[in-house]
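Participant: Pasting the sequence and the predicted coordinates here, then a few questions.
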Amino acid sequence: MPEFRRPKSEADFHKNFEQIKPLMSKTEANQESGRCLFCYDAPCVKACPTSIDIPLFIRQINNGNLSGSAKTIYAANYFGRICGNVCPTEVLCEGACVFEKQNIRPIDIGRLQTYATYNSIRNNKKHFELAADNGKKVAIIGAGPAGISCACELRKLGFTVDIFEAKSQPSGLTIYGVAPYKITNEDVLEEVAYLQEQFQFKIHYNSAIQSKKDLARLDSEYDAIFLGIGLGSTSGIGIKGENLDNCIGAVEFIENMKMEKHDTKIGKNVIVLGGGNTAMDAASEAARLGAETVMLCYRRSKIEMRAYWFEYDLAKSVGTRGVFNAAPLEIIGTSHVEGVKFAQTEIIDGKVKILPGSEFIKPCDMVIKATGQETQVNLLNQIDKIKLDKNGCISINLETGQTTNPKYFAGGDAINGGKEVVNAAADGKKAATGINQFLQ
Amino acid sequence: MPDLSVNFAGIQSPNPFWLASAPPTNSGYQVMKAFDAGWGGAVWKTMGIPIVNVSSRYGGVNYKDKRLVGLNNIELITDRPLKDNLRDIEEVKKYFPNHPVIASLMVDSRDEWQQIIKDVENAGSDGLELNFGCPHGMCERGMGSAVGQEPKILERITAWVKEVATTPVIVKLTPNITDIREPARAARAGGSDAISLINTIQSLVGVDIDNFVPYPVVDGLSTNGGYCGPAIKPIALNMVKECAMDPGVGIPISGIGGIENWRDVVEYLLLGSTTIQVCTAVMHYGFGIVRELTAGLEQYMLDKGFNSVDQMIGKALPNVKPWEHLNLEYQVKAQIEDELCIGCQLCYIACEDGAHQAIRLNENNELRIPSIIEENCVGCNLCSLVCPVDNCISMVRTDSGKKIETWHQRTEKGSIPTTWNDKRAGGVGHWIPEPKDALKQDKKEL
C-alpha cells in the first residue's frame, strides 16, 4: 500500500497535506530568534526580494516586541505571513545565512516571520496610517500578490484603489496554486482579509477584464492601471493524445485540488511531465492524494531541472520516482489515458536529442503536464503600446514597474514568466511607488 | 587519579566542592542526597531565630535563549525551628562522617551567638560560617550585610564566636562594600580561621513594565534582593583575588559566585580558593552537576600534572599585577583566518562603531571576509570576542618580545604625558577618520 491513503474527508486531506512549516510556539520562537547573530549588512536581507530587515525583526521577536517585529516585516512586504510559509527560503534568506558556512543549521527565518506576522493578524494590529485621499484613482487587474501589494502601498499613499479579479477569491496563485502543505487557504485568506481591513481597498470578484470595452472603461475612469494578471493556462506540448481524458495541465490540476480537496480525482498510476517546481508540486500532491505510483518524467537530466533541489527532495520523500532524459512522444489511449510513449534523450550542446530506436512505453491512467504556462496574450494584445518580450512577458522599467504605455504598470508572473509570491509582492509595491511618481 | 581532598582551615573534605548556604542545604534530605551524588561538603542553610518568608521569592535574568544567567532572591534564612535543623545535622553526620557539614549562623546578641554555636557543634557540625553577607531583609534587622559592611562590628562578633567555638570559624563576606579587603582583614583580626566570599550582590533584577513593579512581585510590590548566578562570577573572582593577595588577610578562602562548571572551579582555585561553594547552578540543574565538576577537575589535574588540589591553589596570583606593571611594549594584532570566516561582519561593525576603525570590508569579496588594517589595530581583542567562530580571529604578537617598559618605569623616567596636548600621549600618530566621514555623501554638505 502507498504511504498516503486516498483522503475521504477534509480532515484526511489536511492530514495528508500536513504543514511543513508549522506555526512556532513562543518557546521555539524565543530559542530560534536567540541564535541570530545580527550580522552587519546581513546577507539574508540581500537575498530577500523585498529586502525585509531580517536581523531587526528577529531581534525584536527575541526582545519581546512582537508587534514591532511584524511592522518591520510588513513595511517591506505586505505578504509577510504568506511569504514566511511559501517562500523558497532555502535558496533565499536562509540559504544566505552565514551559519551555513560552518555547517550550522541556518536560522529558521521563514517560520519566525510567520510567527511575528501571525500575531498581528490574529490581534488585528494595524501598523500603518493611510495618507489623506489624494483624489486619484488606480485600477488593478488581478487580486494576486502583485495586485494586492500594489493596492496596499497605493492606499497608504492616499490613492483610491479598485481591484478587478476574474475569480471569486483573492490572492491568485497563493490560493489557487501553492501546495497545500505550505499554507492552508484559510491562512492565506486570513492575511488578505487583515490587509483589506487595514488598507481599505475594494476587490471586485468575478470581474474579468477581457475586452477592449472593459479596458476603455478603466482607462476613462482611472488615472493609472496596474496589471497583476499572472499567467494563463498550461501550455500544450504538441504531441498526440493530449486531449485524452485524464491528461490535465498541472495548473488546472492544482487549482482543482485546492478547491475540491479530498474530492479531487486522482489516477492510480500518475505520470507528471516536467522538471520545474510546478512539476514537483504536482507529483507530491498526486502522491498525497493517494496515487499508488507517481513518476516524474523530464526530458533532460536531473541537474538541468529548474526545480529547487529541496522541492525534488520533498517530492521524492513522498514516493515520487524521478525518470530523466525521457521525452514524451505520445500520450496513448483510446478515450482515457493508458500510458505515455517516451524516447530516451541525450543533451548535445544544450539541445535535447532523441536517441533513435529508444522508444518505450510507461503505462499509466493519468498524465499531469507541468510544461509551463501561457502568457495572457489575448488581453495584452488589446492594450495599446504595450510591448512584450520574446517570452510574451510584459516589458517594464525595472525601477518603476511602468510599461511602455505610461499609464500602465505591471508586476508579478506577467513580467517574469512565473516566479515566487515574494517577487510579485516586491513588484507590486515598487510599481505603487512608480505610479505615485507618475501621478505627481 | 589525582587527590581531590582538601584541608580547609582544619576542616577535612573529600573534595573542594561544597554546597553554599542556601535553599539546596535547607534540609538533611537535600544534603544527604547531595553527598550521595558526590558533593564534598555542605554549608547549612543559615540558622538563627526562624523567619517567615514571602511568596514569590526569585527573579531571573535571561540572555537570549539562555535561562538564568543571573538569579535574584529575597528569601531569608531558615524558616525551620532550630531543633529540626539540629536533628537533621546529626542524622547527616551519622551517614556521612567524613563529609564536612558547616553550620551557617546569623543571630543578633552575644548570648544568642554563643548559645547557637554550642547547639550546632553538639549536633556534629564540622565548622561555623558566620553569615555577614545577606543583603536583603536580614540587614534591615541589623544582621547579615549590615554586619559585613561594618568591619569593626564584624570583628567584634567574630571575637564573640571565637570565645566559645571549638570548630573552625569562617566569616562569609558581603560584596556590597567598596573595598572587600577591609572586612576580610577584620575577620582575621577577630580571630576567624577562614573567609568565604562572595555573598549575593544587592540587586533589582528587572521590572514588570506592564504593571510598574520590579521582580519578584509580592502582591503588587517588590523589594531589592541578592544577585547570584553565572553573571556575577567576574565580580566574585576579583574579590577572591583581592583577599588572596592581601597580606593583611592571609587566611584560607572558600570561593563563591557563579560557579557552574569545572572550569569555574579551576579558576577559583588558581586565584586562591581552597574550596568552592555552589548554589545557583544546583538550583538550576540539581546536584548532578557535581559529576561534571569532578570529572573536569580530575582531567585538568591529570593534564597539568597536579597531584593534589593544594598544588593549584593561588597558582595564577603571581601573574596578577597592578596595571602600572604591565608591559606597554607588548603588542598584539588581530588576524582573521579566512578559511573559518562565515562573513557575519560582526568584527567589522564592532571595531568600526565600538573601537578603532581597524577592520575593512572588501566590497568585491563574495565571501564577505573582512581584513584587518594593521596600522590601526591596537590589539584590543574586541573583534576576537564578538566573532562567533572558534579560532577564526586570533591575536598575534607583533613586537620583538625583547623590550619591557611599564607605566611605572616610564613614570620613574619622567616620560609619561603630563600636559593636555602631550606628544607622549598613546593616541598620537594613531589614525582616526574625520568626524564628517561618518556621514553619507549627501549629508556631508552643511
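Facilitator: Nice, I can see it.
Participant: Can you list the residue ranges for strands in the stretch 251-400 of chain A?
Facilitator: Under the criterion DSSP state E, counting those that start in this stretch, the stretch 251-400 of chain A carries strands at the ranges A:269-273, A:293-297, A:321-323, A:326-332, A:339-348, A:351-354, A:360-363, A:366-369.
Participant: Buried residues, the helix-or-strand element of chain A with minimal mean pLDDT. List them.
Facilitator: Using mean pLDDT, DSSP states H and E, helix A:377-380 stands out as the lowest-scoring helix or strand of chain A, at a mean of 92. Taking 16 or more other Cβ atoms under 10 Å in any protein chain shown as the neighbour-count basis, helix A:377-380 is seen to contain the buried residues A:Leu379, A:Leu380. Bear in mind the C-beta positions are built from the backbone N, C-alpha and C, glycine included.
Participant: now that helix, how far from the chain's geometric center?
Facilitator: Counting by Cα atoms, centre = their mean, to the nearest Å, helix A:377-380 is centred 21 Å from the centre of its parent chain.
Participant: Which residues does that helix contact?
Facilitator: Contact with helix A:377-380 is made by A:Ile209, A:Gln210, A:Leu227, A:Ile229, A:Gly232, A:Ile386, A:Leu388, A:Gly392, A:Ile394, as judged by Cβ atoms under 8 Å, 6 or more residues apart in numbering or on different chains.
Participant: hmm, 6 Å instead?
Facilitator: Taking Cβ atoms under 6 Å, 6 or more residues apart in numbering or on different chains as the criterion, the residues outside helix A:377-380 that touch it are A:Ile386, A:Gly392.
Participant: Which strands or helices does whatever helix or strand comes next after it pack on?
Facilitator: Proceeding N to C from helix A:377-380, the next assigned helix or strand is strand A:408-410, under DSSP states H and E. Helices and strands touching strand A:408-410, by 3 or more Cβ pairs under 6 Å, 6 or more residues apart in numbering or on different chains; DSSP states H and E, are strand A:224-227, helix A:421-438.
Participant: Check these for me and report the most buried one.
Facilitator: Comparing the helices and strands packed on strand A:408-410 on average neighbours per residue, with mean count of other Cβ atoms under 10 Å in any protein chain shown, the densest one is strand A:224-227 at a mean of 28.
Participant: and the helix or strand where A:Ala216 lies, what's its mean pLDDT?
Facilitator: Taking DSSP H and E as the criterion, the element that holds A:Ala216 is helix A:212-221. Averaging pLDDT along helix A:212-221 yields 96.
Participant: Not counting residues beside it along the chain, what's closest to B:Leu293?
Facilitator: The spatially closest residue to B:Leu293, leaving aside those adjacent along the chain, is B:Trp262, at 5.1 Å (Cβ to Cβ, 6 or more residues apart in numbering or on different chains).
Participant: and the one you found, what does it touch?
Facilitator: When contacts are taken as Cβ under 6 Å, 6+ apart, B:Trp262 is in contact with B:Leu293, B:Gly296, B:Leu297.
Participant: distance of the last one from chain A?
Facilitator: When you say that, I think you mean B:Leu297. B:Leu297 sits 30 Å away from chain A, taking Cβ to the nearest Cβ, to the nearest Å as the criterion.
Participant: now the second one
Facilitator: Taking Cβ to the nearest Cβ as the measure, B:Gly296 falls 25 Å from chain A.
Participant: Need the pLDDT of that residue.
Facilitator: For B:Gly296, the model assigns a pLDDT of 98.
Participant: what's the closest non-adjacent residue to it?
Facilitator: Distances taken as Cβ to Cβ, 6+ apart put B:Trp262 closest to B:Gly296, at 2.3 Å, once the chain neighbours are dropped.
Participant: returning to what we had before: between the helices and strands packed on strand A:408-410, which one is nearest to A:Ser67?
Facilitator: Closest to A:Ser67 of the helices and strands packed on strand A:408-410 is helix A:421-438 (Cβ to Cβ; 20.6 Å).
Participant: Now find how far off-centre that closest one is within its chain.
Facilitator: Distance of helix A:421-438 from its chain centroid, counting by Cα atoms, centre = their mean, is 17 Å.
Participant: Restricting to C-alpha, output it in PDB.
Facilitator: Provided in PDB are the C-alpha atoms of helix A:421-438 (Å, rounded to 0.1, in the frame of the first residue of the first chain):
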ATOM      1  CA  VAL A 421       5.000  35.100  -4.400                       C
ATOM      2  CA  VAL A 422       7.700  37.200  -2.800                       C
ATOM      3  CA  ASN A 423       8.800  38.500  -6.200                       C
ATOM      4  CA  ALA A 424       5.200  39.500  -7.000                       C
ATOM      5  CA  ALA A 425       4.800  41.200  -3.700                       C
ATOM      6  CA  ALA A 426       8.000  43.200  -4.300                       C
ATOM      7  CA  ASP A 427       6.900  44.100  -7.800                       C
ATOM      8  CA  GLY A 428       3.500  45.400  -6.700                       C
ATOM      9  CA  LYS A 429       5.000  47.600  -4.000                       C
ATOM     10  CA  LYS A 430       7.600  49.000  -6.300                       C
ATOM     11  CA  ALA A 431       5.000  49.700  -9.000                       C
ATOM     12  CA  ALA A 432       2.900  51.600  -6.500                       C
ATOM     13  CA  THR A 433       5.900  53.900  -5.900                       C
ATOM     14  CA  GLY A 434       6.200  54.300  -9.700                       C
ATOM     15  CA  ILE A 435       2.500  55.100 -10.000                       C
ATOM     16  CA  ASN A 436       2.800  57.700  -7.300                       C
ATOM     17  CA  GLN A 437       5.800  59.400  -9.100                       C
ATOM     18  CA  PHE A 438       3.900  59.200 -12.400                       C
END
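Participant: now what about it, what contacts it?
Facilitator: The set of residues external to helix A:421-438 that reach it, using Cβ under 6 Å, 6+ apart, is A:49-50, A:77, A:79, A:83, A:86-87, A:138, A:145-146, A:149-150, A:153-154, A:157, A:174, A:224, A:226, A:400-402, A:409, A:411-412.
Participant: Mind checking the pLDDT average for it?
Facilitator: Model confidence over helix A:421-438 averages 98 on the pLDDT scale.
Participant: again, but for stretch B:147-157
Facilitator: With pLDDT averaged residue by residue, stretch B:147-157 scores 95.
Participant: what comes up buried for that stretch?
Facilitator: B:Val147, B:Gly148, B:Gln149, B:Glu150, B:Pro151, B:Ile153, B:Leu154, B:Glu155, B:Arg156, B:Ile157.
Participant: Stretch A:120-138 spans what distance, first to last residue?
Facilitator: End-to-end distance for stretch A:120-138: 28 Å, by Cα to Cα, to the nearest Å.
Participant: buried residues in it?
Facilitator: A:Ser120, A:Ile121, A:Lys125, A:Lys136, A:Lys137, A:Val138.
Participant: Need those residues in JSON lines (columns: distance to chain B, pLDDT and secondary structure).
Facilitator: Formatted as JSON lines, the buried residues of stretch A:120-138 follow (distance: Cβ to the nearest Cβ, whole Å; pLDDT from 0 to 100; DSSP: H, G, I helix; E, B strand; the rest coil):
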{"residue": "A:Ser120", "distance to chain B": "19", "pLDDT": "98", "secondary structure": "helix"}
{"residue": "A:Ile121", "distance to chain B": "23", "pLDDT": "98", "secondary structure": "helix"}
{"residue": "A:Lys125", "distance to chain B": "17", "pLDDT": "97", "secondary structure": "coil"}
{"residue": "A:Lys136", "distance to chain B": "30", "pLDDT": "98", "secondary structure": "coil"}
{"residue": "A:Lys137", "distance to chain B": "35", "pLDDT": "98", "secondary structure": "strand"}
{"residue": "A:Val138", "distance to chain B": "31", "pLDDT": "98", "secondary structure": "strand"}
